[in-house]
Every structure is written in C-alpha cells, then in structure tokens.
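>>> Fold the following for me, if possible:
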Amino acid sequence: MILHLLLDEKFSDYVVEQFASPDMKSDFVLVAYSREMTHFHYINKVRVFSPRVMSDYQQLLDEISNYEAVIFHGLFWYWQAWLINRMPMNVKVAWVCWGGEIYGRPDTIATFLKPLSRLAYRMHMRNAKQSLGYILPKETMCKADYCLTNLDAEFEYIKNYLGSPIQHLSYNYYTIEETLGTLKEHRCSGRNIFVGNSATIENNYLETFLQLKQVGIKDRRIIVPLSYGEAWVKNMILKFGRLLLGKRFAPLVDFMPREEYNKMMLNCAVMIQPHLREQAHGNIVTGLWLGMRVYLSENGIDYQHFKRIGCKVFSIEHDLRRGKPDALEPMPEAEVLHNRQVLMKVYGREYIDAANKLIVKALTKHGSVI
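Numbers count the residues shown, from 1 in each chain. Okay, here's the model as predicted:
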C-alpha cells in the first residue's frame, strides 16, 4: 500500500480522484492547520492530521511502517522533514515536486531570474524584515527514493542539484479533460495578451513589460494573474504595470473559478510565460489547446519540455519582437490541431492513468519499473 500525504491545496482533490480505486493501493492523509478546508473537498475520503499536535506526528510515524511507500505532495514543511528523517528503512519515499521547494531556495532562485527581476529580488531581500521561512535541508531531500514530475528536464535539474541517486517517475495532476472542462472544443477568439501566472518574482514581469512596450500592443489588454503569490511582488507589479502599460494593464487580483478563468483566456490571442524554472504548466497546456501563440523562454525548462514532446511554441528571445506581422496573432488552425494531438498523447486521461499505474507498480511489491 501507498500513503499519500496531502496538503490543503487545489491539487489534492485530483490525487484522490486518480488513486482512490482499490487497484491503486492508496490511502490518503491530509495534513492541515485548520479543519475548515480552503481548497480540499474530498474530506470524507481522507484522514486529517494536524501539524500542530505532536501526538498526531507520532501516530502518523507509527502507521507509516504499515506502508510500502509514502508520497509527499510538495516538500515545504518542518513536519515533512521530521517524518522523512525518521522513516523506516523499508518504506520508499517519493516526492511530487511542486517547484518552489527546489527553485525558490536561496542558492538557486537567482539563476531563474532575468537581470531586472534579479535586481528587484536582491533589493527586496536586503530590506526584508522577515526570513524566507522554513526550507527543507538538502540532505533531507536526498533521502527521497523517487521524484515525481512529468518534465524530464526538471528531473535532470533536480538530480544534479541534489547529487543523489534519486529515480524518476512521470506524474501530472491534471488531464486535458480536467484542465479544459467544457472548453475542450473551443478555441481563443480575442486579441488580448496573457502574461505570467502569479505574483512571484520568477515570472520576470519587468523584462516582459518592457519587451511588450517595444513590440507595440496597440489596443490589446495585458492580462496578468496576481491573485496568489507574494505581497511585495504583487505590489511592485501593480505599480510598474500601470507605469509601463497604462490603461492596457489588466491585473487579476482576485481568485477566479476555473471555468471563469478559462473563459477569460478565450479572449486572448497570445500567452507569454517568461519563467526560466518550471511554472504555469497548466496555463501553458490550456493556452496551447485553445490556440494561443505561446511564448516561452528558450533558456527555460518549460520551453525544453514542450519542444521535446513536439508542440509548436515560440521563443520570447527571438520571436517576440517588432516587425513580425503575426507576433501577436493566434495560431493557424493546422498548428492548433497539431498541438492538440501532441497534448492529448501526453496529458490525456488514458496516458495519465497509465502513468499512475506505473507509479503504483514501482512503489509496491510489484517491483520497480525503472
């Protein structure tokens, strides 16, 4: 049996949906600071433990020996390190990488920032009164036997960073069917430009806004999601967005249900995701499916991934520039259909279900598939 350790995040419902059937050999524990769930809905299918109650820690640790493997969904908290460091030797440790636990570390974050964003980050850290918060020690992360991500380039980065013999299993929370919902047969029809995915400095917004000024946006709105992330980044981007883009700057500062969010995306012709780290993966998949012209950084993990699987994506560095007549236009029909075929092979429910069965096989008595 496998134990999934979940957080009160929007991803956790998908984990239960994917692994709840008897043949997936999985149990679920939700570790939450409050009994009032913000994101999680399948409360009747999990047990809830509190990270504030020491007896809950000990009970959880005592029960772990009954499992063949434990999957940590994200690695951000002290209680996770406490468990990993006390895990029985015969229990496999798997970790679904969310990104921030690797890319947001003090010794890595600057490498994923472009020059202006790096300068802004360093100025903020110089003046910040609060610490970065808890960061799992590298030696604790090295105790994981498996890293779960569907990006080969991301796994290679993690393996090299940790310097450990960690193994790779492919995993993704969303399928095309779940990500698109009722919009699966639609395609974009607007002229707006969608930039970034959150109020995090790794979005490299400052450089992107300046580049858009040079390209020329005319009457297009620049839609920028800032509903979650860090307050200092949100405040900075609100200020500079209005300064550089004026009335064309359209920040999204409130949470939007997925259906409403996706419909807003239908009014966009272009998506720009300027990350160098893996980020906004669901947004990129949605943008490609809906027919947006998606720009990614050539130096980024996402660009490498989508090029490798065969999607038609564009380079921020070379394709997003003044003088290209189609630079801010949606994709031609033939290229949209091509991208949809590729995405369905990699993110369709049939593929995801098969990948999840391989995870169960690798982590249980059936033996490793590596």
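>>> so what are the domain limits for this protein?
2-129+136-172+349-363, 176-347 (automatic domain parsing).
>>> okay, the ones you listed, which one's buried deepest?
domain 176-347 (a mean of 18; mean count of other CB atoms under 10 Å). Glycine gets a C-beta too; all of them are placed from N, C-alpha and C.
>>> want to throw the domains of the chain into a markdown table with mean pLDDT?
Below are the domains of the chain laid out as a markdown table (pLDDT from 0 to 100):
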| stretch | mean pLDDT |
| --- | --- |
| domain 2-129+136-172+349-363 | 92 |
| domain 176-347 | 94 |
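>>> can you give me the strands in this protein?
Using DSSP state E, the strands found in the chain span residues 2-6, 26-31, 47-49, 69-73, 92-96, 146-148, 167-169, 192-195, 222-225, 249-252, 268-273, 293-296, 314-315.
>>> do you know which of the ones you listed lies nearest Gly287?
strand 268-273 (3.8 Å; CB to CB).
>>> which residues touch the closest one?
Outside strand 268-273, the residues that touch it by CB atoms under 8 Å, 6 or more residues apart in numbering are 188, 190-197, 208, 212, 220, 223, 265, 279-280, 283-284, 287, 292-296, 302, 316, 320, 328-330.
>>> Go ahead and confirm Leu5 touches Ser26.
No. Here Leu5 lies out of contact with Ser26, judged by CB atoms under 8 Å, at a distance of 11.3 Å.
>>> who's in contact with the closest residue to Pro51 other than its chain neighbours?
Using CB to CB, 6 or more residues apart in numbering and skipping residues adjacent in sequence, the residue nearest Pro51 is Trp79, 4.5 Å away. By CB under 8 Å, 6+ apart, the contact set of Trp79 is Val31, Pro51, Tyr57.
>>> Tell me how far the spatially most central residue of the chain lies from Glu298.
Nearest to the geometric centre of the chain sits Gln279, at 4.7 Å (CA atoms, centre = their mean). Counting by CB to CB, to the nearest Å, the separation of Gln279 from Glu298 is 16 Å.
>>> go on, Gly100?
Distance from Gly100 to Glu298, by CB to CB: 23 Å.
>>> Likewise for Lys345?
24 Å.
>>> Quickly note the distance from the residue nearest to Arg118 when sequence neighbours are not counted to Tyr134.
Excluding its sequence neighbours, the residue lying closest to Arg118 (CB to CB, 6+ apart) is Ala110, at 5.5 Å. Between Ala110 and Tyr134 the computed distance is 20 Å (CB to CB).
>>> just Ser297 next, same as before
Taking CB to CB, one finds Ser297 at 29 Å from Tyr134.
>>> swap in Asp145?
23 Å.
>>> for His73, same thing?
In terms of CB to CB, His73 sits 17 Å off from Tyr134.
>>> give me phi/psi at the closest residue to Gly74 other than its chain neighbours?
Of all residues not flanking Gly74 in the chain, Trp98 sits nearest, at 4.2 Å (CB to CB, 6+ apart). In terms of degrees, to the nearest 10, the main-chain angles of Trp98 are phi -100, psi -10.
>>> Helices along the stretch 1-150 of the chain, start to end?
12-19, 54-64, 78-84, 100-103, 115-127, 138-141 (DSSP state H, counting those that start in this stretch).
>>> err, the stretch 151-300 of the chain, not the other one
Using DSSP H, counting those that start in this stretch, helices in the stretch 151-300 of the chain cover 152-162, 176-180, 205-215, 231-245, 258-265, 281-290.
>>> Correct me if wrong: Trp232 contacts Met123.
No. The criterion here is CB under 8 Å, and Trp232 misses it with Met123 at 10.3 Å.
>>> overlap in contacts of those two?
Contacts common to Trp232 and Met123, judged by CB under 8 Å, 6+ apart, are absent.
>>> what's the closest of the strands of the chain to Leu358?
Of those, nearest to Leu358 by CB to CB is strand 167-169, at 6.9 Å.
>>> Leaving out the residues flanking it, which one is nearest to Leu266?
Per CB to CB, 6+ apart, closest to Leu266 is Cys188, 5.2 Å.
>>> Now do the contacts for that neighbour.
Met265, Leu266, Asn267, Cys268, Ala269, Leu290, Gly291, Met292, Pro330.
>>> Now render the residues you listed as CSV, adding distance to Ala355.
Below are the contacts of Cys188 laid out as CSV (distance: CB to CB, whole Å):
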residue, distance to Ala355
Met265, 26
Leu266, 29
Asn267, 33
Cys268, 30
Ala269, 32
Leu290, 24
Gly291, 26
Met292, 26
Pro330, 31
